[in-house]
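Novice: got a structure for you, letters missing:
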C-alpha cells in the first residue's frame, strides 16, 4: 500500500485545525483570535513546506 | 463552476449568480471555499483525484518551501507575542522576509536542484539507478538553460529578500536616519550639479555630433575626389589624346562607365565573383577591352559556376569572340542570359552580315566544336540561326542538373 505523504500530512493538519476551530466554536475552550492566527499560519506553513519538499515526488508519480 | 454545473445538471450561469449571492451573504467565506474547490477539483480533461498535484506544483517547489518557512516563522513570532514574549513589531516582517529569502537561497544551493528536476523526480520515485540515465536522455539543452535561468532568478530573489529584510529592520528601528540624510544630500547635490551642467553638456554633445558628421562628410568628399582623379579624370585625359579614334574613345568611355558603376554599387560585384552572372560580365568586358567593341549584357538570375555553367560560359565567350571578330559593326553585340531554377539560357546576338554554318569550311572549328560541340558534350545544346533583320543569334541552353536533361545526353 502506497501513502501519499503530502496528502496524509496535509489532511492531518487540516483535520487538527478543524478540530481546534470546532472546540472553540463549541465554547469548551475560549481561543483568542491571536492563537487562531498562529494555528492557521502554522498549518499553512507546514502544508506549503511539505508540498515544496515532496512536491517533485508527487509529480514523479504522474 | 462549469464542471460543477455539468456534474449536477445546472446551468453554470445560475451557479455563478448563486455563488456571488452566497459569497456576499457569507461575508466572503464562500470565496475561501471556491479557492479550496479550485485546488481540489481537477480541471476539464484531467484525471480525477490528486488534483492538487496539477494545481499546486505549478509553483516551483523552492518557492513553496520558502513560503512555508516564512509562514512557520510568522506563526512562531505570533505565538511568542501571544505568550507575552515580545520585543517589537518592527521585528516581525524583517524576520519573515529574511526567513523567506534564506529558504530560497538554501534551495538555490541544493546540488540536485542545479541540474533540473528530472533526476530528483526519478530519485524520489524510488529508482535512483535510472535517474541519471533519464536525466541524460530527457533533458535537452533548452530545458537545462531554463533551469539555470530559474536558479539564477531564485538566487537573486533570495539575496534581495534578505537584504530587504535587513534594510527594513534598520529602517524600522531608525538606524538608517543618518544614512538616509546623507543619501538625500548626495541626491540633491547630484541633481543640482546636473541641472547646472545640463545646458553645457547638451551643447557639448551637439558640437561633438556636428563635428563628427562634418568629419565623415569631409572624408567622403576626399574619397570621392581621389577616386574621380584616379579614374574619371585620367580617362578623360586619355579620351582627349585619342580623340581621332572613335572606337578607342568609345571603349575607354564604356570601361570607365563600368568602373564607375561598380564603385557606386559598393563592391557588390566582387562579392558575387565565382557565379555565372559575374563571370559572363567579366568575359564580355574582356572581349570589349581586347577588341574595342561594344557589348551590352543583360543577365537575369544567377547560379554557381559549376561544370554545366562553365560549359555555357565557355560557349558564350566563344560566341562573343566570333561576333567581336566578324560582326562588331554596325551595332553593339547584345548578350541576354536567363538563369532559371532548371536551366541556363544565353543568347548572343550581333548585327553583322550573318553566315550559313553549312558553308563554313570543315577545318574552321570555332563554332562547331567550341560552341555546339562543347554544349553537346556537357549535356546541353547550341543553335546558330540567322536573324531576319540581319545578323546572327547564337542560342545556348543547358539544364542546371543532370536529371533535368532527360535523354538529351
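Specialist: Ah, there it is. Remember, it's a predicted structure, so these values are computed and weren't measured experimentally.

Novice: ok, now how distant is the spatially closest residue to residue B:4 that is not a sequence neighbour from chain A?
Specialist: Distances taken as C-beta to C-beta, 6 or more residues apart in numbering or on different chains place residue B:15 nearest to residue B:4, at 6.2 Å, with adjacent residues excluded. For glycine as for every other residue, the C-beta is placed from the backbone atoms N, C-alpha and C. Separation of residue B:15 from chain A (C-beta to the nearest C-beta, to the nearest Å) stands at 25 Å.

Novice: Is the residue nearest to residue B:300 when sequence neighbours are not counted bridged to anything, and to what?
Specialist: Once flanking residues are discounted, residue B:300 sits nearest to residue B:338: 4.7 Å by C-beta to C-beta, 6+ apart. Taking DSSP bridges as the rule, residue B:338 bridges to residue B:300, residue B:345.

Novice: Spit out the contact partners of residue B:338.
Specialist: B:299, B:300, B:301, B:344, B:345 (C-beta atoms under 8 Å, 6 or more residues apart in numbering or on different chains).

Novice: okay, the spatially most central residue of chain A: pLDDT?
Specialist: Centroid check for chain A by C-alpha atoms, centre = their mean gives residue A:13 as the closest residue, at 2.6 Å. pLDDT, residue A:13: 87.

Novice: Please identify the helix or strand for it.
Specialist: Under the criterion of DSSP states H and E, residue A:13 resides in helix A:5-26.

Novice: what about that helix, distance to the chain center?
Specialist: Mean C-alpha position of helix A:5-26 versus that of the full chain (C-alpha atoms, centre = their mean, to the nearest Å) differs by 6 Å.

Novice: Now do residue B:86 against chain A, distance only.
Specialist: According to C-beta to the nearest C-beta, residue B:86 and chain A sit 11 Å apart.

Novice: ok, that residue - contacts?
Specialist: Residue B:86 makes contacts with residue B:80, as judged by C-beta under 8 Å, 6+ apart.

Novice: my read is it is in a helix, agree?
Specialist: No - using DSSP: H, G, I helix; E, B strand; the rest coil, the assignment for residue B:86 is coil, not a helix.

Novice: Now do it against residue B:31, distance only.
Specialist: For residue B:86, the distance to residue B:31 equals 32 Å [C-beta to C-beta, to the nearest Å].

Novice: ok, the residue nearest to residue B:4 - how many residues close by?
Specialist: 15 (other C-beta atoms under 10 Å in any protein chain shown).

Novice: Provide a list of residues in contact with the closest residue to chain A within the stretch 201-350 of chain B.
Specialist: Closest approach between the stretch 201-350 of chain B and chain A, counting by C-beta to the nearest C-beta: residue B:341, at 51.2 Å. If a contact means C-beta under 8 Å, 6+ apart, then residue B:341 has residue B:400 as its contacts.

Novice: ok, 6 Å please
Specialist: If a contact means C-beta atoms under 6 Å, 6 or more residues apart in numbering or on different chains, then residue B:341 has no contacts.

Novice: And the residue nearest to residue B:300, how far from residue B:331?
Specialist: Counting by C-beta to C-beta, the gap from residue B:338 to residue B:331 is 22 Å.

Novice: How about residue B:19?
Specialist: Counting by C-beta to C-beta, the gap from residue B:19 to residue B:331 is 91 Å.

Novice: Equivalent analysis for residue B:154, please.
Specialist: Taking C-beta to C-beta, one finds residue B:154 at 79 Å from residue B:331.

Novice: Show me which of these two is the more surrounded one.
Specialist: A count of neighbours by other C-beta under 10 Å puts residue B:154 above the other of residue B:154 and residue B:331, at 20 against 15.

Novice: Make sure the more buried one is indeed in a helix.
Specialist: Yes - according to three-state DSSP, the state of residue B:154 is that of a helix.

Novice: Quick check, pLDDT for the most centrally placed residue in chain B.
Specialist: Central residue check for chain B by C-alpha atoms, centre = their mean: the C-alpha nearest the mean position is that of residue B:142, 18.6 Å away. Note on residue B:142: pLDDT of 72.

Novice: So which residues of the stretch 51-200 of chain B form helices?
Specialist: B:51-55, B:61-83, B:92-108, B:118-124, B:128-138, B:141-172, B:177-227 (DSSP state H, counting those that start in this stretch).

Novice: of the contacts of residue B:338, buried ones?
Specialist: B:299, B:344, B:345 (16 or more other C-beta atoms under 10 Å in any protein chain shown).

Novice: Please, which helix or strand holds the nearest residue to the second one once chain neighbours are set aside?
Specialist: I take that to be residue B:344. Spatial nearest neighbour of residue B:344, excluding adjacent residues (C-beta to C-beta, 6+ apart): residue B:312 at 4.9 Å. Using DSSP H and E, residue B:312 sits within helix B:307-326.

Novice: low pLDDT regions in the stretch 1-150 of chain B?
Specialist: Within the stretch 1-150 of chain B, the ranges that satisfy pLDDT under 70 run B:1, B:7, B:25-30, B:32-33, B:36-60, B:87, B:108-141.

Novice: number of nearby residues for the residue nearest to residue B:344?
Specialist: Using other C-beta under 10 Å, residue B:312 has 28 other residues around it.

Novice: how far away is it from residue B:381?
Specialist: 11 Å.

Novice: Could you do residue B:333 as well?
Specialist: From residue B:333 to residue B:381 the distance is 21 Å (C-beta to C-beta).

Novice: neighbour-wise, which of those two wins?
Specialist: A direct count of neighbours by other C-beta under 10 Å for residue B:333 and residue B:381 places residue B:333 higher, at 26 against 15.
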